[in-house]
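Student: how would this look folded up:
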Amino acid sequence: MTSKVTYLGNLRTSCEHLSSGNKILTDAPLDNFGKGEAFSPTDLVATSLASCMLTIIGIYCQNHEIPFTNGEVSVQKIMGSGPRRIDKIVLHIDLKGNNWDEKTLEKAIAAGKACPVAKTLDGNVEMEFNFI
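Tutor: A predicted model of the protein is given here:
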């Protein structure tokens, strides 16, 4: 088992990562009857894409002995309706400050775009990657 999710009432859940005991809360968003006081489940999907990309870039760099000290992603989730779903995720990815040459940057970006979350969403959710 990976996690345990418990409904707390009022459209909120507690999600426990079983091997570490770490917990996060989710809350329904303001536009869907919630309080918007925590990540919504769809926020977590969009945020997971950014986290996965940076993690895979980190693994690529580690495996190729490339220093990776700076990486930050701003995430925008765009919802659709009929049925309610994530239509598009826009990532603004800042990898400045790593002092990589163009070839290294291209390979790191390619590795990140091939992350498991991106592969899972591919064909179901439009993804836009903007590199700063």
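
Student: Domains of this protein: list them as residue ranges, please.
Tutor: Following automatic domain parsing, one finds the domains of the chain at 3-32, 41-131.

Student: Strands of this protein, residue ranges please.
Tutor: 3-9, 12-17, 23-27, 72-80, 85-94, 126-131 (DSSP state E).

Student: Just tell me which of those ends up closest to Val45.
Tutor: strand 85-94 (6.1 Å; CB to CB). From N, CA and C alone the C-beta is placed, and that goes for glycine too.

Student: which helices and strands sit right next to the closest one?
Tutor: helix 41-63, strand 72-80, strand 126-131 (3 or more CB pairs under 8 Å, 6 or more residues apart in numbering; DSSP states H and E).

Student: right, so the domains of the chain: which one is the most enclosed?
Tutor: The highest average neighbour count among those, using mean count of other CB atoms under 10 Å, belongs to domain 41-131 at a mean of 15.

Student: so how far does it reach from one end to the other?
Tutor: 26 Å (CA to CA, to the nearest Å).

Student: export the helices and strands packed on strand 85-94 to TSV and tack on mean pLDDT?
Tutor: As requested, these are exported to TSV (pLDDT from 0 to 100):
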stretch	mean pLDDT
helix 41-63	98
strand 72-80	97
strand 126-131	97
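
Student: Now distance to Asp94 too, for those, in CSV please.
Tutor: Shown next, in CSV, are the helices and strands packed on strand 85-94 (distance: least, CB to CB, whole Å):
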stretch, distance to Asp94
helix 41-63, 10
strand 72-80, 5
strand 126-131, 8
